[in-house]
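Engineer: A predicted structure for the sequence below; I have some questions about it.
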Amino acid sequence: SVARALVVSLAGRCDTTSRAGKMSVLASAAATAQGVVAAAAAPAGEPPMACKLASLGSTSDLSTRAASFSDQDDRSPTSSGGSPKASAPLAPRRPLALPTPSAIEGVKSKRRVVLSLPFGPDAVADGKAAAASLPAGCAAVAGGVLSVGLGARASVAGLSSEEAASLCDDLSGGAVYRLEALCMAAIYDEEAAEAQLAVACDVAPHLLIVCLSAVLAPRWSGVRAALRNFKGALVVLEDGTASADAGGDSGEEVGAVLRSFGITSRWSVGDGRSMRATPVPAAPATEILGDLRLRDLEQDPTLAALVSMAQPLYDEYFHEDLLDDLRCKENARVAFLIRPGKDGATPMFCGVLVYKLWGPPLRVMSVQRVAVPARLRMLGYGRQLMRWAMTKAAALPRSQCGRVTLCAMPDAIPFYERLGFSPIPQDMVEQPAEADEAPAALPDALWMEYKCGRSVKPPPKR
């Protein structure tokens with residue numbers, strides 16, 4: 001597993017575009033991986049946890065796998081004569097996605113216990129609870145032992161980083177009960193979270209154990225996306241300071257991540273290693289400041305402060321000044337998603353949306369910019385902004401607006417599809433008469449639309 005993760009990680013990040021250069025890097029990766037596996041197989045010491053969790057084959061075929069991976073990933077094709085063709089632009093790398101777990105023979109209910117983890121000092125998971133049926137959340141605690149089924153979305157707080165790592169290291173130990181056919185994987189190392197996710201994608205686990213501190217960094221938003229969409233059982237260990245009970249912005253952020261993972265059952269390990277049920281923290285209150293025009297942002301000091309907060313995000317993704325962008329888009333409007341500050345404190349900026357309404361004959365709301373800070377992604381903030389825009393468009397008369405359109409990049413297409421957007425054929429894309437104001441489609445982007453349906457009639461007056 002360590003070897004495969006190393007080869008996949010290096011192959012995905014190989015900067016060279018030539019086949020020879022890439023094969024050289026992959027050959028070195030295979031040689032290094034063989035050394036890692038040889039060291040892991042040494043009789044002295046305890047084998048690493050990754051080697052316990054899954055086996056992906058012997059090291060003899062590592063070079064073959066590396067060559068195959070390179071053939072699939074090579075993006076600089078050459079002609080039969082050997083001279084390189086015109087260099088094609090590199091397509092964006094697809095995020096990893098965990099496959100749907102296969103069925104386990106003999107397990108007909110997601111409430112059947114497939115794994116029991118001990119958290120108490122003398123707790124031992126001996127499998128006695130395996131015949132019992134779990135409650136609706138597919139997880140339960142008894143005697144300091146957490147038992148989970150295939151439908152579990154559970155979290156355990158109050159663990160130190162060392163305790164969480166030790167638990168992951170002992171998943172095959174005598175203190176843990178697991179169904180023999182259960183396939184498991186773990187993500188526990190912040191520096192190798194994506195490589196460990198790649199290993200999990202290969203083994204298609206029924207159950208995944210995640211140390212929360214390993215996936216909280218903004219750079220691992222793709223890992224959190226994969227966990228959010230995982231169809232199997234998920235057990236989250238809130239280790240170290242990565243706990244929803246920490247308080248402040250950090251605790252609220254962790255709580256939002258737990259909700260995005262769909263956590264329904266949560267326990268906290270207290271003094272004496274006793275476990276008590278703890279609710280998943282409620283979502284913090286948010287507010288959308290919408291229908292803002294350029295003059296509003298320039299004249300209101302509070303809105304000017306939000307513009308300053310949004311500008312670094314605008315620089316990073318759109319390479320423009322927010323106010324200059326609005327000046328170029330006549331009658332464009334802005335919506336800010338914020339979390340109000342307590343006791344008059346400065347509100348927290350959570351996202352920005354820029355849109356424009358086109359009246360007849362187009363009758364369209366065009367969403368031109370949507371962005372959420374990296375550390376706040378996968379928390380539902382982008383969805384809140386889009387839902388607000390879609391609701392606003394649906395409330396307008398159909399003579400003024402009948403649909404919402406946007407141009408989606410490849411990685412964002414599934415997000416918009418879940419919101420109800422569908423592709424627009426290229427020959428059906430309608431552009432405004434003012435060509436200089438028409439949003440330009442980027443390479444590999446897809447025009448999409450959401451149809452507002454029938455008009456919403458106001459309630460009759462009494």
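Structural biologist: Good, I have the coordinates. What you see is a predicted model; the values in this text were computed from it and never measured. Numbering: from 1, shown residues only.

Engineer: if I look at Leu353, how far off is Ala242?
Structural biologist: 30 Å (C-beta to C-beta, to the nearest Å). Just so you know, the C-beta spots here come from the backbone N, C-alpha and C atoms, and that holds for glycine as well.

Engineer: shaky segments in the stretch 1-150 of the chain?
Structural biologist: Low-confidence segments of the stretch 1-150 of the chain, defined by pLDDT under 70, are located at 1-95, 120-132.

Engineer: residue ranges for the strands of the stretch 101-250 of the chain, please.
Structural biologist: Assigned by DSSP state E, counting those that start in this stretch, the strands in the stretch 101-250 of the chain fall at 115-118, 139-142, 145-148, 153-159, 177-178, 184-187, 207-211, 233-239.

Engineer: next structured bit after the helix or strand hosting Ala389?
Structural biologist: If you go by DSSP states H and E, Ala389 is part of helix 381-395. Stepping forward along the backbone from helix 381-395, the first helix or strand reached (DSSP H and E) is strand 403-408.

Engineer: List of residues touching that following strand?
Structural biologist: Residues from elsewhere that reach strand 403-408 (C-beta atoms under 8 Å, 6 or more residues apart in numbering): 363-368, 370, 389-390, 393, 415-416, 421, 424, 439, 441-442, 445-452.

Engineer: hmm, which of the residues you listed are the buried ones?
Structural biologist: 363-368, 370, 389-390, 393, 415-416, 421, 424, 439, 445-450, 452 (16 or more other C-beta atoms under 10 Å).

Engineer: so what does the top strand by length along the chain touch, helix or strand wise?
Structural biologist: Taking DSSP state E as the criterion, the chain has its longest strand at strand 348-358. Other helices and strands packing on strand 348-358, by 3 or more C-beta pairs under 8 Å, 6 or more residues apart in numbering; DSSP states H and E, are helix 301-318, helix 322-328, strand 333-339, strand 364-371, helix 381-395.

Engineer: Could you pull out the buried residues of the second one?
Structural biologist: What it means is helix 322-328. So for helix 322-328, counting by 16+ other C-beta under 10 Å, buried means Leu322, Asp325, Leu326.

Engineer: Dump these into a markdown table; add pLDDT as well.
Structural biologist: Formatted as a markdown table, the entries for the buried residues of helix 322-328 read as follows, by pLDDT from 0 to 100:
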| residue | pLDDT |
| --- | --- |
| Leu322 | 92 |
| Asp325 | 91 |
| Leu326 | 92 |
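
Engineer: between those residues, which is nearest Asp343?
Structural biologist: Sorting the buried residues of helix 322-328 by distance to Asp343 puts Leu322 at the head of the list, at 28.4 Å, by C-beta to C-beta.

Engineer: show me what contacts the closest one?
Structural biologist: With contacts taken as C-beta under 8 Å, 6+ apart, Leu322 has the following neighbours: Leu297, Val307, Ala310, Gln311, Tyr314, Val334, Val352.

Engineer: Leu446 versus the last one, what's the distance?
Structural biologist: As judged by C-beta to C-beta, Val352 and Leu446 stand 22 Å apart.

Engineer: before we move on, the earlier item: from the buried residues of helix 322-328, pick the one nearest Ala154.
Structural biologist: Within those, the smallest distance to Ala154 is 41.8 Å, found for Leu322 (C-beta to C-beta).

Engineer: Just give me the neighbour total for the closest residue to the closest one other than its chain neighbours.
Structural biologist: Closest residue to Leu322 apart from its sequence neighbours, by C-beta to C-beta, 6 or more residues apart in numbering: Tyr314 at 4.8 Å. As a burial measure, the neighbour count of Tyr314 was computed by other C-beta atoms under 10 Å and equals 20.

Engineer: From Thr241, how far out is Tyr314?
Structural biologist: 31 Å.

Engineer: do the same with Ala154
Structural biologist: Here the distance between Ala154 and Thr241 works out to 20 Å (C-beta to C-beta).

Engineer: quick one on the thing from earlier: put together CSV for the strands of the stretch 101-250 of the chain, with mean neighbour count on each row.
Structural biologist: Formatted as CSV, the strands of the stretch 101-250 of the chain follow (neighbours: other C-beta atoms under 10 Å):
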stretch, mean neighbour count
strand 115-118, 24
strand 139-142, 21
strand 145-148, 24
strand 153-159, 23
strand 177-178, 20
strand 184-187, 26
strand 207-211, 25
strand 233-239, 25
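
Engineer: Is it possible to get TSV of those strands that adds distance to Leu98?
Structural biologist: Formatted as TSV, the strands of the stretch 101-250 of the chain follow (distance: least, C-beta to C-beta, whole Å):
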stretch	distance to Leu98
strand 115-118	17
strand 139-142	19
strand 145-148	17
strand 153-159	14
strand 177-178	19
strand 184-187	9
strand 207-211	7
strand 233-239	10
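
Engineer: what's around Asp444, how many residues?
Structural biologist: Close neighbours of Asp444, defined as other C-beta under 10 Å, add up to 11.

Engineer: With adjacent residues omitted, what lies nearest to it?
Structural biologist: Setting aside the residues directly before and after it, Asp444 is nearest to Pro410 in space (C-beta to C-beta, 6+ apart), at 5.3 Å.

Engineer: Does that neighbour touch Met448 like I think?
Structural biologist: No. Contact criterion C-beta atoms under 8 Å: Pro410 and Met448 do not qualify, at 11.8 Å.

Engineer: What score does the residue nearest to Asp444 have for pLDDT?
Structural biologist: We have a pLDDT of 86 for Pro410.

Engineer: From the structure, what's the count of residues near it?
Structural biologist: Based on other C-beta under 10 Å, the number of other residues close to Pro410 is 14.

Engineer: Equivalent analysis for Gly382, please.
Structural biologist: Number of residues near Gly382 (other C-beta under 10 Å) recorded here: 22.

Engineer: Reformat the helices and strands packed on strand 348-358 as a markdown table; add distance to Trp267.
Structural biologist: Supplementary listing: the helices and strands packed on strand 348-358 in a markdown table, determined by distance: least, C-beta to C-beta, whole Å:
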| stretch | distance to Trp267 |
| --- | --- |
| helix 301-318 | 36 |
| helix 322-328 | 44 |
| strand 333-339 | 27 |
| strand 364-371 | 36 |
| helix 381-395 | 28 |
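
Engineer: Show me the one of these that comes nearest Arg112.
Structural biologist: Closest approach to Arg112 among those is made by helix 381-395 (33.5 Å; C-beta to C-beta).

Engineer: neighbouring contacts of that closest one?
Structural biologist: With contacts defined as C-beta under 8 Å, 6+ apart, helix 381-395 is touched by 286, 288, 290, 335, 337, 350-353, 355, 365, 367, 370, 372, 401, 403-404, 415-416, 419-420, 450, 452-453, 456.
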